[in-house]
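Here is my input, please return the structure:
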Amino acid sequence: MAEKPLTRIVRSQAKGQITVPMEFRERLGIDQNTFLRLTLRGSKIEVSPVQLGRERTALRDFDQKELDAFLEEDKIDAKTAAKVRRLLAKA
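Have a look, this model is predicted:
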């Protein structure tokens, strides 16, 4: 017998973040280290876990201009931003 579909309503936070309900995370094996692929299909968003060993293309490199814009947009303090830049330079 097929599993019953799950439906939940969640609210988007100020920066567009949402919480994936626990039942969904458990069924899909999603934890804090799981990357998720979002696909826009018409007026719907499809979310799927990504296994990076098989799909290295899920990650992309950001140029310095994009990184600076991201760090500025998130209002990260200078010390944290410097640490992020150091860690990214090692990658």
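
quick one, strands of the chain?
Assigned by DSSP state E, the chain shows strands spanning 35-41, 44-50.

Can you mark which positions in the first one are buried?
Think strand 35-41. By 16 or more other Cβ atoms under 10 Å, strand 35-41 has no buried positions at all. Yep, even glycine has a C-beta here, placed from its N, CA and C like the rest.

Show me the strands paired with it, marking each as parallel or antiparallel.
strand 44-50 (antiparallel) (DSSP bridges).

Okay, buried residues for the strand it pairs with please.
With the criterion 16+ other Cβ under 10 Å, strand 44-50 contains no buried residue.

do stretch 23-38 as well
In terms of neighbour count (16+ other Cβ under 10 Å), stretch 23-38 has its buried residues at residue 30.

how does the protein divide into domains?
With domains defined by automatic domain parsing, the chain comprises 22-57, 61-90.

between those domains, which one is nearest to residue 12?
Taking Cβ to Cβ, domain 22-57 is the member of the domains of the chain nearest to residue 12, at 10.8 Å.

Extract the C-alpha trace of stretch 30-49 and format it as PDB.
Extracted as PDB, the C-alpha positions of stretch 30-49 are listed here (Å, rounded to 0.1, in the frame of the first residue of the first chain):
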ATOM      1  CA  ILE A  30      16.800  15.300   5.200                       C
ATOM      2  CA  ASP A  31      19.100  16.600   8.000                       C
ATOM      3  CA  GLN A  32      21.100  19.800   8.500                       C
ATOM      4  CA  ASN A  33      23.800  18.700   6.000                       C
ATOM      5  CA  THR A  34      21.300  17.900   3.200                       C
ATOM      6  CA  PHE A  35      21.300  20.200   0.100                       C
ATOM      7  CA  LEU A  36      17.900  20.700  -1.500                       C
ATOM      8  CA  ARG A  37      17.100  21.400  -5.100                       C
ATOM      9  CA  LEU A  38      14.200  23.800  -5.700                       C
ATOM     10  CA  THR A  39      12.500  23.700  -9.100                       C
ATOM     11  CA  LEU A  40       9.900  26.200 -10.200                       C
ATOM     12  CA  ARG A  41       7.200  24.400 -12.200                       C
ATOM     13  CA  GLY A  42       4.500  26.900 -13.300                       C
ATOM     14  CA  SER A  43       3.100  28.300 -10.000                       C
ATOM     15  CA  LYS A  44       4.500  25.400  -7.900                       C
ATOM     16  CA  ILE A  45       7.900  24.900  -6.100                       C
ATOM     17  CA  GLU A  46       9.200  21.300  -6.200                       C
ATOM     18  CA  VAL A  47      11.800  20.600  -3.400                       C
ATOM     19  CA  SER A  48      14.000  17.500  -3.600                       C
ATOM     20  CA  PRO A  49      17.000  16.300  -1.600                       C
END
